[in-house]
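[1] Here's a sequence, model it:
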Amino acid sequence: MQIYPPARTLSGGTLFYEYDPVAVTKVLDCLVPANMLLLVAARCFEGQTNLEERWYACGNYIREIQEKDCGVLKTLWDSKEGKKP
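    Purely as a prediction, here's the structure:
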């Protein structure tokens, strides 16, 4: 916030002025369940964690996404509700 004026706080120096659908598609094609980090925050998982966050002492559970999870996420992504723009 000290480098850019308030109107450019979110975009900084990375605002694109020309729409490039090929570039957008290329980036979206890289966003697949196999290389993602999924974070879920909910009280219903309390007591089911395997780590404790250092500063706030809240519980975390970290594991690699398994193949069966990738299938579920891919189905959701490919569904009508999850369609890419």
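[2] which residues in this structure form strands?
    Along the chain, counting by DSSP state E, strands occupy 51-52, 59-60.
[3] which neighbours does the first one have in its sheet, and in what orientation?
    Read that as strand 51-52. Here strand 51-52 has these sheet partners by DSSP bridges: strand 59-60 (antiparallel).
[4] picking that back up, tell me the most buried of the strands of the chain?
    Greatest average neighbour count among the strands of the chain goes to strand 59-60 (a mean of 14), per mean count of other Cβ atoms under 10 Å. Yep, even glycine has a C-beta here, placed from its N, CA and C like the rest.
[5] returning to what we had before: can you redo the strands of the chain as JSON lines, where the extra columns are mean pLDDT and distance to residue 34?
    Shown next, in JSON lines, are the strands of the chain (pLDDT from 0 to 100; distance: least, Cβ to Cβ, whole Å):
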{"stretch": "strand 51-52", "mean pLDDT": "87", "distance to residue 34": "23"}
{"stretch": "strand 59-60", "mean pLDDT": "86", "distance to residue 34": "22"}
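[6] Quick one, which of the ones you listed gets closest to residue 13.
    strand 59-60 (33.0 Å; Cβ to Cβ).
[7] Tell me the buried residues in stretch 33-40?
    Within stretch 33-40, the residues scored as buried using 16 or more other Cβ atoms under 10 Å are residue 33.
[8] Render the CA-only coordinates of it in PDB, please.
    Taking Å, rounded to 0.1, in the frame of the first residue of the first chain, the C-alpha atoms of stretch 33-40 are listed here in PDB:
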ATOM      1  CA  PRO A  33      -7.000 -31.100  -8.500                       C
ATOM      2  CA  ALA A  34      -3.700 -32.900  -8.800                       C
ATOM      3  CA  ASN A  35      -1.700 -29.800  -8.100                       C
ATOM      4  CA  MET A  36      -3.900 -27.900  -5.700                       C
ATOM      5  CA  LEU A  37      -3.900 -26.900  -2.100                       C
ATOM      6  CA  LEU A  38      -7.300 -27.300  -0.600                       C
ATOM      7  CA  LEU A  39      -8.100 -25.500   2.700                       C
ATOM      8  CA  VAL A  40     -11.300 -26.100   4.600                       C
END
